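[1] After the sequence you'll find the predicted model.
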Amino acid sequence: MKMGRLIFSAILFYLLTLFFTPQVQAAKFRLSAPSGTLQRGGPVSLIINIDTEGGNLAEAATGASYDPSLLRFNSVTAGNTFPQVSSSVISEGKIKITGTNAQGFSGNGIFATLNFTIIAQSPGSAQFCTLFDVPGTIEQPPPPPGTALPTLNLLPSPPPDPGDISTLCYPVKINGDQNSKLDLIFFAGRYQNKEEFLNDVRTSINFLEATNLPKAVLNKINYWALTDLSVDFIDYERSNRMKRIVYNKDVAAVQKSRCRADTSIVIFNLPGYSDGTAFRGIGSCVTRSALSAVPHELGHSIAFLGDEYNYGSPLSTDWVARGYNVSYNCSQEKSQSQTEACPKWAGLFTGVGCIPVCGYTNLFRSTQESIMNVGIRDYNPPSIRGWEMALQNYE
């Protein structure tokens, strides 16, 4: 169902002076209001600026209080003053942001950026973000009369724009009515040129259609591209922790709703970096230099397929006990020989076996090579069946 849009405006934020302990120097923090209009369900970033007022600080911290009924906190990213920043939850709607600079910092600039998703549901106006002193959780006294408080003004939804689907949601290849097809949307990560992005989308589709997936499966998919190049899809917290690019699935979920899409994939324009990741049933991402991996990642996110290359470790029995769902292209049970189909696929396919390692060392795969492993561009029979099952309710 196509969702209506609520448009938000932001009023300027006021200044709060905070003092750090045990530091002697005082520092001022200021929240910068976002410009333009904001959409319900969309992202909003609040920039915290710092002025050390002549002091040289190796560490600084401030607290932010926000209304959890209006905003959902996603992450914090460093500015140009303290290269390392982190956030910690004090209580619901209250977080502490700490920044460190080994060389020390003196002057003014961006301390950090708070990344939220707007979750407000109804029209109205309310104060939604303030700063407070840390350590401790006692908020600063209210500002003098006449000072503008940070507010979020909810305006009624405008009538739907009939041009949205043809401009914002670019139809790259449409195989039928949007209500009966799986609508896959491509997102642009770090692109500056729309045509370059659309060319990479077409190349990605060609890679998928060059596999051995049946036409009956491929024809159930519509391909779209979101031409808004301004959205940041990187999950910085997870990317830093995992030492690889991870897309922000919450942002992707919000953005795909703009085009009524069912699932999504982000292409990141990151020169010199090649990678891909996926969340089963949610979405996936690849870098521009790894477009050939699009069929592999979509195999994860759409067909719930598992990796068939060797992780080097077994699937934990605790995971199985907790209900971990082994992918259709992997089997927990082995057959009498590697050339005999695993019991899971017995009598269903020809030319399959039961070969040790399907990601985990205690699972089994059906063929030596496949697109979910390495070496060839085609899916093995159980993987094709996984695609067919995933799209069985589409036409």
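    Thanks, I have the structure now.

[2] wait, residue 252 sits on residue 259?
    No. Counting by CB atoms under 8 Å, residue 252 stays clear of residue 259, with 11.8 Å between them. To be clear about C-beta, it is placed using only N, CA and C from the backbone, and glycine gets the same treatment.

[3] Among those two, which residue is more densely surrounded?
    Using other CB atoms under 10 Å as the criterion, residue 252 and residue 259 rank with residue 252 on top: 26 against 22.

[4] Residue 298 - that's part of a helix, no?
    Yes. According to DSSP: H, G, I helix; E, B strand; the rest coil, residue 298 belongs to a helix.

[5] What pLDDT does the model give it?
    We have a pLDDT of 96 for residue 298.

[6] Contacts only, for it.
    184, 208, 265, 278, 284 (CB atoms under 8 Å, 6 or more residues apart in numbering).

[7] And for residue 278?
    284, 285, 297, 298, 300, 301.

[8] Roughly how far does the fifth one sit from residue 80?
    What it means is residue 300. Distance of residue 300 to residue 80, given as CB to CB, to the nearest Å: 36 Å.

[9] Now do the domain split for the protein, please.
    Using automatic domain parsing, the domain parsing of the chain gives 7-155, 164-301, 317-390.

[10] need the least confident one among those domains, by mean pLDDT.
    In terms of average pLDDT, domain 7-155 trails the rest of the domains of the chain, at a mean of 66.

[11] ok, now how distant is the residue most central in space within the chain from residue 256?
    Geometric centre of the chain, nearest residue: residue 248, 1.7 Å, by CA atoms, centre = their mean. Separation of residue 248 from residue 256 (CB to CB): 12 Å.

[12] Same check on residue 131?
    From residue 131 across to residue 256, the span is 33 Å (CB to CB).

[13] what about residue 49, helix or strand, and which?
    Following DSSP states H and E, the helix or strand that holds residue 49 is strand 43-51.

[14] Pull the residues that contact that strand.
    8, 10, 13, 27-34, 38, 60, 62, 64, 71, 74, 79, 81-82, 97, 107-118, 129, 131, 231-232, 251, 254.

[15] Mind listing what's buried along that strand?
    Residues 43, 44, 46, 47, 48, 49, 50, 51 are the ones in strand 43-51 that count as buried (16 or more other CB atoms under 10 Å).

[16] nearest residue to the fifth one other than its sequence neighbours?
    When the adjacent residues along the chain are set aside, residue 48 lies closest to residue 111, with 4.6 Å between them (CB to CB, 6 or more residues apart in numbering).

[17] Could you tell me which helix of this structure is the longest one?
    As assigned by DSSP state H, the longest helix anywhere in the chain is helix 194-209.

[18] buried set for that one?
    For helix 194-209, the neighbour count (16+ other CB under 10 Å) marks 197, 198, 200, 201, 204, 205, 207, 208 as buried.

[19] And the last one, how close does it get to residue 132?
    Think residue 208. The gap separating residue 208 from residue 132 is 50 Å, by CB to CB.

[20] got it, and the first one?
    Computed as CB to CB, the residue 197 to residue 132 distance reads 42 Å.

[21] quick one: residue 176 and residue 387, what's the gap?
    17 Å.

[22] Comparing the two, which residue is more hemmed in?
    Higher neighbour count among residue 176 and residue 387: residue 387, with 23 against 13, using other CB under 10 Å.

[23] Contacts only, for residue 217.
    Going by CB under 8 Å, 6+ apart, residue 217 touches 384, 387, 388, 391.

[24] got a winner among those for most neighbours?
    Most crowded among those, counting by other CB under 10 Å, is residue 387 at 23 neighbours.

[25] need the contact list for it.
    Neighbouring residues of residue 387 by CB under 8 Å, 6+ apart: 213, 217, 299, 302, 303, 379.

[26] Now list the buried members of these.
    Counted by 16+ other CB under 10 Å, the contacts of residue 387 give 213, 217, 299, 302, 303, 379 as buried.

[27] picking that back up, could you export the contacts of residue 278 as CSV, including distance to residue 348?
    Converted to CSV, the contacts of residue 278 look like this (distance: CB to CB, whole Å):
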residue, distance to residue 348
284, 27
285, 32
297, 26
298, 23
300, 22
301, 24
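
[28] For the stretch 101-250 of the chain, which segments count as helices?
    Applying DSSP state H, counting those that start in this stretch to the stretch 101-250 of the chain gives helices spanning 164-167, 194-209, 215-218, 236-242, 249-256.

[29] wait, isn't residue 222 in contact with residue 179?
    No. Contact status for residue 222 versus residue 179: not in contact, 10.4 Å apart, counting by CB under 8 Å.

[30] what residues are up against residue 197?
    Contacts of residue 197 by CB under 8 Å, 6+ apart are 186, 188, 191, 225, 227, 229, 267, 269.

[31] So which of those is the closest to residue 316?
    residue 267 (33.1 Å; CB to CB).

[32] Could you find the closest non-adjacent residue to that closest one?
    Nearest residue to residue 267 in three dimensions, chain neighbours excluded: residue 200, at 5.5 Å (CB to CB, 6+ apart).

[33] ok, the one you found touching residue 290?
    No. Counting by CB under 8 Å, residue 200 does not reach residue 290; the two are 10.9 Å apart.

[34] For the residue of the chain most remote from its centre, grab phi and psi.
    Distance from the C-alpha centroid of the chain peaks at residue 336, with 42.8 Å (CA atoms, centre = their mean). Dihedral pair for residue 336: phi -70, psi -30, per degrees, to the nearest 10.

[35] so what's residue 66 up against?
    Shown in contact with residue 66 (CB under 8 Å, 6+ apart): 73, 93, 94, 95, 116, 128, 129, 130.

[36] And the second one, how far from residue 235?
    Looking back up the chat, that one is residue 93. Taking CB to CB, one finds residue 93 at 22 Å from residue 235.
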